[in-house]
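Novice: sequence unavailable; structure follows:
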């Protein structure tokens, strides 16, 4: 497993990451309808292009298995392909992110208890809750800060 930051965000790479995103969201965001996923997916390529730090975890075939986006010390996105879930890739990305970018904060959908549990396992604790996501949709967010271990 190779983990590295990428600056050249080619259309081919963005398409590969969009496939990772789609696989991950369909497996973990069970509170979203297919129509909602399709609508959100329209905005993902721009988010991938705009995130200051884009980090990819490559599988043995040199294809993206997961990716994360970091802005300052905040983890803005972390998606692991459904086929690669449970193999420790998310943990390795978080460890890389805390070492390389001092990640100390993340927001997670309250309706995604697996993600909340993962981040708690990685040393994050909830410090704030909102009734709506950052786009104003009725999906409560949990804001979590990393507690030094």
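Specialist: Received, thanks. Note that the coordinates shown come from a computational prediction; the quantities given were computed from them, not determined experimentally.

Novice: ok, then the element right after the lowest-mean-pLDDT helix or strand in the chain?
Specialist: Ranked by mean pLDDT, DSSP states H and E, the weakest helix or strand in the chain is helix 34-41, scoring a mean of 90. As assigned by DSSP states H and E, the chain's next helix or strand after helix 34-41 is helix 44-50.

Novice: need the residues that contact that next one.
Specialist: Contacts to helix 44-50, defined as Cβ atoms under 8 Å, 6 or more residues apart in numbering, come from residues 9, 14, 17-18, 21, 54, 67, 69, 76-77. Quick note: C-beta positions are derived from backbone N, CA and C, even for glycine.

Novice: flag every buried residue along that helix.
Specialist: 44-45, 48 (16 or more other Cβ atoms under 10 Å).

Novice: if I look at residue 111, how far off is residue 34?
Specialist: Residue 111 is 16 Å from residue 34, where distance means Cβ to Cβ, to the nearest Å.

Novice: please identify which of those two sits among more neighbours.
Specialist: Neighbour count, other Cβ atoms under 10 Å: between residue 111 and residue 34, residue 111 has more, with 15 against 8.

Novice: so that one sits against residue 31, correct?
Specialist: Yes - with contact defined as Cβ atoms under 8 Å, residue 111 reaches residue 31; the gap is 3.8 Å.

Novice: overlap in contacts of these two?
Specialist: residue 139.

Novice: leaving out sequence neighbours, find the closest residue to residue 41.
Specialist: Leaving aside its sequence neighbours, residue 41 sits nearest to residue 22 (Cβ to Cβ, 6 or more residues apart in numbering; 6.5 Å).
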